[in-house]
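Peer 1: structure, please.
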Amino acid sequence: QVQLVESGGTLVQAGGSLRLSCAASGSIFRIAEMGWYRQAPGKQRELVARSVSGGSTNYAGSTDYADAVKDRFTISTEYTKNTVYLQMNSLKFEDTAVYYCHAVVIEATRNLNTYWGQGTQVTVSS
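Peer 2: So this is what the prediction gives:
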């Protein structure tokens, strides 16, 4: 089993910045992917940003962002610490949502599973 623990969500004014963190722990061999999703009231959960680890000398990894957050949010990872961050700048009211950490984990058993964190609330006041 693997646990994801998020932190950093809070109330912030529009135009402000916030940094979310998520640490994975448990029976981990290697993490293949970590990312952030969000869900606003009455809406479906959506991808915010994700980072795919390289994992080999021939692949450096990649990152993806939702169009709504490009140039404002930055995802970064420390795979040696099984940790992912989301730096959010120029926050807008519409960024208000519960933010969920997501990980694709190769477990110590070599099984591949996906995991979700419990969510952290980000509220942007206009």
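Peer 1: can we go C-alpha only for contacts and neighbour counts from here?
Peer 2: Fine.
Peer 1: quick one: the helices in the protein?
Peer 2: Counting by DSSP state H, no segments of the chain form helices.
Peer 1: listing partners with orientation, what would you give for the helix-or-strand element of the chain with minimal mean pLDDT?
Peer 2: Taking mean pLDDT, DSSP states H and E as the measure, the helices and strands of the chain show their lowest mean at strand 62-65, namely a mean of 92. The pairing partners recorded for strand 62-65 under DSSP bridges are strand 46-52 (antiparallel).
Peer 1: restricting to C-alpha, output the partner strand in PDB.
Peer 2: Listed next in PDB are the C-alpha coordinates belonging to strand 46-52 (Å, rounded to 0.1, in the frame of the first residue of the first chain):
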ATOM      1  CA  GLU A  46      -9.700  17.700 -14.000                       C
ATOM      2  CA  LEU A  47      -6.000  17.500 -14.600                       C
ATOM      3  CA  VAL A  48      -4.000  20.500 -13.500                       C
ATOM      4  CA  ALA A  49      -0.400  19.300 -14.100                       C
ATOM      5  CA  ARG A  50       1.500  16.000 -14.200                       C
ATOM      6  CA  SER A  51       5.100  14.900 -14.300                       C
ATOM      7  CA  VAL A  52       6.200  11.700 -15.900                       C
END
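Peer 1: pLDDT of it, averaged?
Peer 2: Strand 46-52 carries an average pLDDT of 96.
Peer 1: for this structure, which spans come out with low pLDDT?
Peer 2: The chain contains residues with pLDDT under 70 at 55-60.
Peer 1: can you give me the strands in it?
Peer 2: Here the chain has its strands, by DSSP state E, at 2-7, 11-13, 18-26, 28-39, 46-52, 62-65, 73-78, 83-88, 97-107, 112-116, 120-125.
Peer 1: including mean neighbour count, could these go into TSV?
Peer 2: Shown next, in TSV, are the strands of the chain (neighbours: other Cα atoms under 10 Å):
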stretch	mean neighbour count
strand 2-7	18
strand 11-13	15
strand 18-26	19
strand 28-39	21
strand 46-52	20
strand 62-65	15
strand 73-78	18
strand 83-88	20
strand 97-107	22
strand 112-116	16
strand 120-125	20
